[in-house]
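Asks: below is the sequence, then the predicted model.
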Amino acid sequence: MRPERELLKGSTPTLILAVLENEPRHGYAIAREIERRSESTLSLGEGSLYPQLHALEKAGLIAGAWEMPPGGGPSRKVYTLTATGHSELVHRTRSWRDFVSAIEGVLKNGGEPDVQPI
Amino acid sequence: MFSQFSPKQEGEEITRVDLPGVTNDAVSHERAFDPIELYLFQVEAKLLSLSPEVRGVVLEEIRQHLLDSVSARQELGMAQDCATQEAIARFGNPARIAAQLSRVWREEDSLFPRAAFSQALLWFGGLGGVFGTLTILSVIYPRSVFAQINSWIFVSMFFACPLIAGILVGQRAPRRAAFGTLLALAALMFVSVPLAWMDLTLCPDGRWLTPGFLPFLFTLWTLPGCLAASLTTLVTHLRRPKTG
């Protein structure tokens, strides 16, 4: 598996929590919102979203409920961020920023050979 | 998989889709010719270890996703057949997705409640072992330090173990907590019978520890333990936010 894919797979729960922060969404809308916010850079295997959603629901970080759309049509399972999920999102966001900052610190001089003073 | 499916063209003879290990009669007409239904059938075939309720909910959610995905593509001007095939391809391999879903749900939904069983074994084994040993020591050696503390405290704690353990199991592994508790107690009794026989042989003073005492102890422990686990599960379930 390519490293980018591994990275995306590990970050998917955080992305899901992030897109549910402002409003409840169903699975398809979550996938589209991740794609929209990342300007199509992050393209999830849509089927893999559901095991992650169910795992987050079981962990109590999000809550799902079947709702009828206002305009009619078949009901959809809409997910909402719980209070625990919100705290988890804050924690994950902080950890992610620390991680990115640390990696950037290492990469800052990447490719440039160390110059020893003579 | 879905590439085996050929959408019916005008005047073209329809070819039945043969699924491995499934007789054609078992596949409804709709399922055999609708790519989305065929895809769902392939997912469902790998989710048979889950309960029908969970399976139904999971499949309905996937169906709605695929229908939304097809509609969105059609709105962009794509033909229905192409839109359906692309939506399915984008969703991913049905066997892999079913395996991932199965992993998420197996623990909670499987018939054998491993989490509840492990929790019950831990709590019953731990609490029962400590207080049971202290009780036996305080009865067999009345002049020991254990008896001086007050053997009734140990006895009370020993018989309160099922209640404490049942509540803890119900809280931490609520799914089928009573069944897990029952299995754990049966396993513990299976292990403790030979130990009790050794006690009978080695400690002639412990005449009260007769073979008939073991089923009595099992019943005395099982009933309150399972009841506490069930009630805690019920309370936990009622207090949990509705998840649809």
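Replies: Looks like it arrived, so ask away.

Asks: roughly how far does the most centrally placed residue in chain A sit from residue A:102?
Replies: A centroid search over chain A (CA atoms, centre = their mean) returns residue A:15, at 1.1 Å, as the residue closest to the centre. Distance, residue A:15 to residue A:102, using CB to CB, to the nearest Å: 20 Å. Every C-beta, even on glycine, is put in place using the N, C-alpha and C of the backbone.

Asks: gap between residue A:90 and residue A:84?
Replies: Using CB to CB, residue A:90 is found at 11 Å from residue A:84.

Asks: can you point out the buried residues in the lowest-mean-pLDDT helix or strand in chain A?
Replies: Every helix and strand in chain A was compared by mean pLDDT, DSSP states H and E; the lowest is helix A:3-19, with a mean of 80. Neighbour-count burial for helix A:3-19 flags A:8, A:12-19 (criterion: 16 or more other CB atoms under 10 Å in any protein chain shown).

Asks: stretch B:122-129 now?
Replies: Result for stretch B:122-129 [16+ other CB under 10 Å]: buried residues B:123-125, B:127-128.

Asks: for those, which one is nearest chain A?
Replies: For those, the minimum distance to chain A (CB to the nearest CB) is 22.1 Å, reached by residue B:123.

Asks: the closest residue to the closest one other than its chain neighbours: which element?
Replies: Leaving out its chain neighbours, the residue that sits closest to residue B:123 by CB to CB, 6 or more residues apart in numbering or on different chains is residue B:165, at 3.7 Å. Using DSSP states H and E, residue B:165 maps to helix B:145-172.

Asks: stretch B:83-100 near chain A at all?
Replies: Yes: on the criterion CB under 8 Å from any CB of the partner chain, stretch B:83-100 is in touch with chain A at B:90-94, B:96-97, B:100.

Asks: wait, residue B:222 sits on residue B:188?
Replies: No: Residue B:222 lies out of contact with residue B:188 (CB atoms under 8 Å); the separation is 10.2 Å.

Asks: and the least confident helix or strand of chain A, what does it pack against?
Replies: Secondary-structure packing of helix A:3-19 (3 or more CB pairs under 8 Å, 6 or more residues apart in numbering or on different chains; DSSP states H and E): helix A:27-37, helix A:46-58, helix A:83-107.

Asks: single out the most deeply packed of these.
Replies: helix A:46-58 (a mean of 21; mean count of other CB atoms under 10 Å in any protein chain shown).

Asks: close enough to count as contact, residue B:225 and residue B:167?
Replies: No: in this structure residue B:225 lies outside contact range of residue B:167 using CB under 8 Å: 9.4 Å.

Asks: out of those two, name the residue with the larger neighbour count.
Replies: The neighbour count for residue B:225 versus residue B:167, taken as other CB atoms under 10 Å in any protein chain shown, is higher for residue B:225 (29 against 19).

Asks: check which helix or strand covers residue A:72.
Replies: Residue A:72 belongs to no helix or strand when assigned by DSSP H and E.

Asks: residues near it, how many?
Replies: Neighbours of residue A:72 under the rule other CB under 10 Å: 6.

Asks: distance of it from residue B:234?
Replies: 37 Å.
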